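K.L.:
3D model of this:
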Amino acid sequence: IFGKLDRLVLLGGEPLLNKSLINILKICRKYFQNTDIQLLTNGLLLLNESLDFWNACKDNSIQINITEYPINIDYKKIIDKINKHHIRYFLYDDGNINDKKFDKYNFDLEKKQDAEKNFYENCVMAKDCAYLEDGKIYPCQLAANIKHFNKKFDFHFEQKTSDYINIHGSITAKDIYQFLSKPIEFCRYCDFTNKSKFTWDYSNQSIDEWLSINGKIKKI
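P.N.:
Okay, here's the model as predicted:
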């Protein structure tokens, strides 16, 4: 399975915060020699990156993808620097940047949703956004990071060992592929019937930015 990916996108959070990023870029190219490797960033740290970073992107044919936000940042200056180092890039331009919107995924706290329908028909993240943390791979970032939500707001969403696969030990690439090709228990939380949109803004750290069920906030 190694080397069989058409496209590999390195996400975050913000990947430029990862102190091992340069090595990660080199490792990705080593094992995926014919893959289109892309780095997705908000661009805030690009102007401060070292020459080693730019050389790693150039030498390993890494494309830099930048998502625009309505913040005080000189995107033209960033693009000029990328061009200076002869690196491919793509700028996600949603038209009116000041009206940028995101999907808000609602949760069914009773876990009564159809996991298979969610995974195979409704969820984009489970198909495109595998999440790696401390040797554990999750099909999506929600299942991986729900612990932070639980801690912040004193909730008790379940995070089961069956929601991830540990890459350490006697495991093959085929095992990982098969795991990422099917729903997990956490999929039963996602309520796509009440999916909504919200406009980008600075967070006020309130719970309603993250969790909504039929317009009401509930606690378990």
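
K.L.:
what is the rounded mean pLDDT of the helix or strand hosting residue 127?
P.N.:
Element membership for residue 127 (DSSP states H and E) is helix 125-128. Helix 125-128 shows a mean pLDDT of 81.

K.L.:
check which residues of that helix are buried.
P.N.:
For helix 125-128, burial by neighbour count (16 or more other Cβ atoms under 10 Å) applies to 125-126. Where C-beta positions appear, they are placed from N, C-alpha and C, glycine not excepted.

K.L.:
ranges for the helices of this protein?
P.N.:
21-31, 51-59, 75-84, 115-117, 125-128, 141-153, 173-180 (DSSP state H).

K.L.:
the bottom helix or strand of this protein by mean pLDDT?
P.N.:
One helix or strand of the chain scores below all others by mean pLDDT, DSSP states H and E: strand 101-107, with a mean of 78.

K.L.:
what strands flank that one, and is each parallel or antiparallel?
P.N.:
When pairs are called by DSSP bridges, strand 101-107 turns out to pair with strand 190-199 (antiparallel).

K.L.:
list the contacts of the strand it pairs with.
P.N.:
Contacts with strand 190-199, where a contact means Cβ atoms under 8 Å, 6 or more residues apart in numbering, come from 99-108, 113, 118, 122-123, 142, 209, 212-214.

K.L.:
just to revisit the earlier point, nearest to residue 167, out of the helices of the chain?
P.N.:
Nearest to residue 167, of all the helices of the chain, is helix 173-180, at 6.9 Å by Cβ to Cβ.

K.L.:
run the angle between that closest one and helix 21-31 for me.
P.N.:
Going by axes from the mean of the first three to the mean of the last three Cα atoms, to 10 degrees, helix 173-180 is angled at 110 degrees with respect to helix 21-31.

K.L.:
mind checking which of the helices of the chain is nearest residue 40?
P.N.:
helix 125-128 (11.2 Å).

K.L.:
for that closest one, the distance to its chain's centre please.
P.N.:
Offset of helix 125-128 from its chain centre (Cα atoms, centre = their mean, to the nearest Å): 9 Å.

K.L.:
and for residue 128, nearest residue in space, chain neighbours not counted?
P.N.:
Leaving aside its chain neighbours, residue 128 sits nearest to residue 9 (7.8 Å; criterion: Cβ to Cβ, 6 or more residues apart in numbering).

K.L.:
hmm, the one you found is touching residue 67, no?
P.N.:
No: look at residue 9 against residue 67 with Cβ atoms under 8 Å: they stay out of range, at 11.8 Å.

K.L.:
share the number of residues neighbouring residue 113, please.
P.N.:
Residue 113 has 18 neighbouring residues, counting by other Cβ atoms under 10 Å.
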